[in-house]
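Engineer: Model the following, please.
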Amino acid sequence: MNKLIQSVCNLKGFIGEVKAELLKCTWPTRKELFGQSVVVVISVIILGGFVGLCDLVNMSFLKFVIR
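Structural biologist: Next comes the predicted model:
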């Protein structure tokens, strides 16, 4: 039973320390978060298009080599 109580106390201490550290963080504003999200979405679309184009070129090349 003593180990259980000690584990609960350790968990409470850990959660308290995590909360204290999270309060020290600087969080982005809504405008900053939106701007960064737009950059990520556009980057993913561009990278997806590039990978799709490379796949198309490679498949065409493989079809040419196989025939």
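Engineer: lowest confidence element among the helices and strands of the chain?
Structural biologist: The helix or strand of the chain with the poorest confidence is helix 2-24; it has a mean of 91 (mean pLDDT, DSSP states H and E).
Engineer: following it, which helix or strand shows up next?
Structural biologist: helix 30-66 (DSSP states H and E).
Engineer: any idea which residue sits dead centre in this protein?
Structural biologist: Geometric centre of the chain, nearest residue: Val40, 10.5 Å, by Cα atoms, centre = their mean.
Engineer: From Arg30, how far out is that residue?
Structural biologist: Separation of Val40 from Arg30 (Cβ to Cβ, to the nearest Å) stands at 16 Å. No exception for glycine: its C-beta is placed from N, CA and C like everyone else's.
Engineer: same thing with Leu53?
Structural biologist: Distance from Leu53 to Arg30, counting by Cβ to Cβ: 35 Å.
Engineer: Which one's more surrounded, the two?
Structural biologist: Leu53 (10 against 7; other Cβ atoms under 10 Å).
Engineer: which residues are in contact with the least confident helix or strand of the chain?
Structural biologist: Taking contacts as Cβ atoms under 8 Å, 6 or more residues apart in numbering, no residue outside helix 2-24 touches it.
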